[in-house]
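In: got a sequence here, can you model it:
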Amino acid sequence: MEQLHLPAAHHALGAITLPGSKSISNRTLLLAALADGDTVIRDLLASDDTARMLEALSTLGVQLKNIGEHAWQVTGCAGSFPNKQADLFLGNAGTAFRPLTATLAFMGGHYHLHGVPRMHERPIGDLVDALQQAGANINYESNSGYPPLQISPAQLDVSQAIQIRGDVSSQFLTALLMALPLTGQAATIEVVGELISKPYIEITLNLMQQFGVTVQRDQWQRFYVPAATHYQSPSALYVEGDASSASYFIAAGIVAGDVTVNGVGQHSIQGDIRFAEAASLMGGRFTYGENHVRAEKTQPLKAIDLDCNHIPDAAMTLAVMALFAKGTTTLRNIASWRVKETDRIAAMATELRKVGAVVVEREDSIQITPPTQLTPNAIIDTYDDHRMAMCFSLVSLAGVPITINDPKCVAKTFPDYFKVFASIVR
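Out: Numbering: from 1, shown residues only. Down below sits the predicted model:
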């Protein structure tokens, strides 16, 4: 297995520019493909996840043209993909697999969706159940509730409210919202239970509106998709920098120096921009600009007890920041970690213990007490999970060397991460 050895460091100083947001990139690609007209997308993330979406759309007959670095022109197909039969390999890209499942269920074709073994362990039953309420014809190829999926033409009816669970993954609701305008009918979605990761739904609604479809909502329990709407290209769209990826550099600044993160700012449509506020609860200072965030160390860090439902991905960075804080940090309401690229609660607990932390792992929370001195030269397993690799790079800023196994897993969202990280570390 390939390894990356990070030397002991004590300071993080400088400025970095973020790659594009994964969540915005894949949503925008799909909406542009479904829209009427051509859309130029700039600052698109170049990563494994976006590569899987681009491959899928190309297989479905969408015309895609690379017109520059991180720039693509997408010729929309006005709500109907040309190819009505396709075999789609989607890797471990949840932001491609879930929305495409819903979209293709309403496309009137024969489609096979599959991915890597971990994707086949990630639940999709709640989304399929919701789509079947509208008459979708979806079958599980092996284990009920999990990919791979076979999708066939169906007679659709969305006259009755569609119920969908909100407490497993917000991507299920996102997928349903993005697909329903394809029916041309008015539709109502009712969320069963608490909706987690609400800021990700905000991203979806914001982007749908930019493509001409405005969804009304009643709190976070009901969503109304109007009749006779269709996606219309906004002509051009810029992808924001990835706010989840910003968390590692904001954390670096707060634990070890002064770092400016370019590409996201105070008006970001991504909920993970609020990581800066959560991190500053431990200590340190942050300031938002129009298109940047600056994070500075000002004092020793202290432990926090925080509900992290609003920043599920970025909250992983708080778990590693806990190693730098005095006291016991508790991160709550993070059950969604268990159905991500790996079981992130279990993985985080295992790897934090390698550097000497005392960790209590619960079904939907994690409690971390740092040791007096971190264990040097720990070898960190990353579980083919980009965020595990990026999070644990921060340990080196405590003045201890650390080894990251399979560092190239960061290609999922941030292929140049370790090069960028090295540029600010002293």
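
In: quick check, Met208 in a helix?
Out: Yes - applying DSSP: H, G, I helix; E, B strand; the rest coil, one finds Met208 inside a helix.

In: for it, give me its contacts.
Out: Met208 makes contact with 31, 177-178, 181, 214-215, 231, according to C-beta atoms under 8 Å, 6 or more residues apart in numbering. Glycine gets a C-beta too; all of them are placed from N, C-alpha and C.

In: those in helices, which ones?
Out: In helices, defined here by DSSP state H, the members of the contacts of Met208 are 31, 177-178.

In: can I get these in JSON lines with pLDDT and distance to Asp272?
Out: Formatted as JSON lines, the ones in helices among the contacts of Met208 follow (pLDDT from 0 to 100; distance: C-beta to C-beta, whole Å):
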{"residue": "Leu31", "pLDDT": "98", "distance to Asp272": "20"}
{"residue": "Leu177", "pLDDT": "98", "distance to Asp272": "20"}
{"residue": "Met178", "pLDDT": "98", "distance to Asp272": "20"}
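
In: out of those residues, who's nearest Ala246?
Out: Distance to Ala246 across those (C-beta to C-beta) is lowest for Leu31, with 23.5 Å.

In: residues making contact with stretch 125-139?
Out: Residues outside stretch 125-139 that contact it (C-beta under 8 Å, 6+ apart) are 98, 101-102, 105-106, 140, 144-146, 149-158, 160, 162-165, 168-169, 171-172, 175-176, 179, 183, 187, 189.

In: and this protein, what are its domains?
Out: Domain segmentation of the chain under the TED database yields 3-19+241-424, 22-238.

In: got the end-to-end distance for the first one?
Out: Which is domain 3-19+241-424. The first residue of domain 3-19+241-424 is 21 Å away from its last residue (C-alpha to C-alpha, to the nearest Å).

In: next one: stretch 29-41
Out: Taking C-alpha to C-alpha as the criterion, the two ends of stretch 29-41 lie 8 Å apart.

In: give the buried residues for that stretch.
Out: By neighbour count with 16 or more other C-beta atoms under 10 Å, stretch 29-41 contains the buried residues 29-35, 37, 39-41.

In: mind listing what Asp49 touches?
Out: With contacts defined as C-beta under 8 Å, 6+ apart, the neighbours of Asp49 are 22, 25-26, 91, 93, 95-96, 412-413.

In: just the ones in helices from these, please.
Out: Here DSSP H is the test, and the contacts of Asp49 give 22, 25-26, 95-96 as lying in helices.

In: quick one: low-confidence residue ranges for the stretch 201-350 of the chain.
Out: For the stretch 201-350 of the chain, no stretch is flagged by pLDDT under 70.

In: quick one: the helices in it?
Out: 243-256, 275-280, 315-321, 344-354 (DSSP state H, counting those that start in this stretch).

In: for the residue nearest to Asn309 when sequence neighbours are not counted, the count of nearby residues, please.
Out: With sequence-adjacent residues excluded and distances taken as C-beta to C-beta, 6 or more residues apart in numbering, Asn309 is closest to Asn333, at 4.1 Å. Asn333 has 16 neighbouring residues, counting by other C-beta atoms under 10 Å.

In: next one: Asp167
Out: Asp167, neighbours per other C-beta under 10 Å, totals 17.

In: could you do Gln232 as well?
Out: Neighbours around Gln232, by other C-beta under 10 Å: 16.

In: now do the contacts for it.
Out: Per C-beta under 8 Å, 6+ apart, neighbours of Gln232: 35-37, 211-212.

In: mind running it again at 6 Å?
Out: Gln232 makes contacts with 35-36, 212, as judged by C-beta atoms under 6 Å, 6 or more residues apart in numbering.

In: quick one: which of those residues is nearest to Glu121?
Out: Using C-beta to C-beta, Ala35 is the member of these that sits closest to Glu121, with 33.2 Å.

In: let me know the pLDDT of the closest one.
Out: Looking at Ala35, its pLDDT reads 98.

In: against Gly327, how distant is it?
Out: Distance, Ala35 to Gly327, by C-beta to C-beta, to the nearest Å: 51 Å.

In: Pro371 now?
Out: According to C-beta to C-beta, Pro371 and Gly327 sit 13 Å apart.

In: please identify which of those two sits among more neighbours.
Out: Gly327 (15 against 12).

In: tally of neighbours for the nearest residue to that one once chain neighbours are set aside?
Out: Closest residue to Gly327 apart from its sequence neighbours, by C-beta to C-beta, 6+ apart: Ala303 at 3.2 Å. Number of residues near Ala303 (other C-beta under 10 Å) recorded here: 19.

In: what's the separation between Ala303 and Gln367?
Out: 10 Å.

In: can you check Lys84 too?
Out: Distance from Lys84 to Gln367, counting by C-beta to C-beta: 51 Å.

In: of these two, which one has the most company?
Out: Gln367 (20 against 15).

In: then whichever strand or helix holds that one to PDB, C-alphas only?
Out: Following DSSP states H and E, the helix or strand that holds Gln367 is strand 365-369. Output of strand 365-369 as PDB, limited to C-alpha atoms (Å, rounded to 0.1, in the frame of the first residue of the first chain):
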ATOM      1  CA  SER A 365     -22.000  10.700  18.700                       C
ATOM      2  CA  ILE A 366     -18.300  10.600  19.500                       C
ATOM      3  CA  GLN A 367     -16.400  11.700  22.600                       C
ATOM      4  CA  ILE A 368     -12.700  12.500  22.400                       C
ATOM      5  CA  THR A 369     -10.200  13.200  25.200                       C
END
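
In: each with direction, which strands does that strand pair with?
Out: strand 329-332 (antiparallel), strand 358-361 (antiparallel) (DSSP bridges).

In: list the buried residues in the following helix or strand past that strand.
Out: Downstream of strand 365-369, the first helix or strand assigned by DSSP H and E is strand 378-380. Going by neighbour count (16+ other C-beta under 10 Å), the buried part of strand 378-380 is 378, 380.
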